[in-house]
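Chemist: here is the input, now give the coordinates:
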Amino acid sequence: MIVDVLGKPVYAYTGNRPFDPARPVAVFVHGAQHDHSVWGLQSRYFAHHGFSVLAVDLPGHMRSAGPALTSIGALADWLDTLLAALSVKQAFVAGHSMGSLVALEFAARHPARAKAIALLATAFPMTVSPALLEAAREREPEAIELVNAWSHSTLAAKPSSPGPGFWLRGMNQRLMERVAAKGEPQLFHTDFAACNAYADGLTSAAKVRCPARLIVGKRDAMTPPRAAAGIADALKLAGTRVDTVTLDAGHALMTEQPDATLDALYDFAVRVGNG
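Modeler: Modelled structure (predicted):
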């Protein structure tokens, strides 16, 4: 589905179902150098089990027009503008990695529209090393290869072996390469710089009033579980209903543990929707 947002075309995958804002709405926000397709299984299941779905391409990524936005705050406000354009009063928002910061900031800035948030592979601060930032700016293929390797906990996670023709690391590599080819120059650096510069995680967490669930991978080398503890503590101190689910996976939760990730998301979204 293409939506006009401030005069720019925005793509959102709806799970092959007509979008109806009167139904419960689930929004899925991808991370750096990715697009909506990283949520393929989870978004489609939600769409066929009671939810209207928006798995978005962020500005400047794949099918959504640029320019790419350069801060987490701008992305959070953009998401609110998108939902307003579609007459969505409240939404469950799930975000992965950079997308988790967008979901957190969205809930802090736009509490009336945030039904609940799920933060996958999250961290604060989401620091990016100077060497990786430099590689993303000057040697993007090298940065893609490094991040792809660090995002997976094993060389051949399922369904790579039992599913002939599938190789999760290879598919993720090609996805990031396609995003780079289709997007504006230095897009990976733009995304990483936004994560690295985001300084409001704990103060924003203190403003969140909707239920929250953190979903982390115990073998995540990019955003290890301990890096999410500060956000969880800040949410709890603010009186937010929050819990943490730990999966046996690396950073690429949605592909390494697709069913477990889906279960953690859907159980939470249904529970808060009925609560």
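
Chemist: list the single closest residue to residue 252 in space, sequence neighbours excluded.
Modeler: Spatial nearest neighbour of residue 252, excluding adjacent residues (Cβ to Cβ, 6 or more residues apart in numbering): residue 151 at 4.7 Å. For every residue, glycine as well, the C-beta is placed using N, CA and C.

Chemist: what residues sit buried inside stretch 202-219?
Modeler: Across stretch 202-219, burial judged by 16 or more other Cβ atoms under 10 Å covers 202, 204-205, 207-208, 210-217.

Chemist: follow-up on the earlier one: quick one: the residue nearest to residue 252 and residue 248, what's the gap?
Modeler: 15 Å (Cβ to Cβ, to the nearest Å).

Chemist: of those two, who's got more company?
Modeler: Taking other Cβ atoms under 10 Å, residue 151 and residue 248 do not tie; residue 151 has more neighbours (26 against 11).

Chemist: got the contact list for that one?
Modeler: Residues counted as contacts of residue 151 (Cβ atoms under 8 Å, 6 or more residues apart in numbering) are 172, 221, 222, 250, 251, 252.

Chemist: which helix or which strand is home to the first one?
Modeler: When secondary structure is defined using DSSP states H and E, the element that contains residue 172 is helix 168-182.

Chemist: wait, residue 210 sits on residue 115?
Modeler: Yes: Residue 210 is within contact range of residue 115, at 6.1 Å (criterion: Cβ atoms under 8 Å).

Chemist: looking at this structure, which helix is longest?
Modeler: helix 258-274 (DSSP state H).

Chemist: report all helices and strands that the helix or strand residue 93 falls within contacts.
Modeler: Residue 93 is part of strand 91-96, with elements assigned from DSSP H and E. Packing partners of strand 91-96 (3 or more Cβ pairs under 8 Å, 6 or more residues apart in numbering; DSSP states H and E): strand 25-29, helix 98-109, strand 114-120, helix 258-274.

Chemist: dump the ones you listed to JSON lines, plus mean pLDDT and mean neighbour count.
Modeler: Converted to JSON lines, the helices and strands packed on strand 91-96 look like this (pLDDT from 0 to 100; neighbours: other Cβ atoms under 10 Å):
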{"stretch": "strand 25-29", "mean pLDDT": "98", "mean neighbour count": "28"}
{"stretch": "helix 98-109", "mean pLDDT": "98", "mean neighbour count": "27"}
{"stretch": "strand 114-120", "mean pLDDT": "98", "mean neighbour count": "28"}
{"stretch": "helix 258-274", "mean pLDDT": "93", "mean neighbour count": "18"}
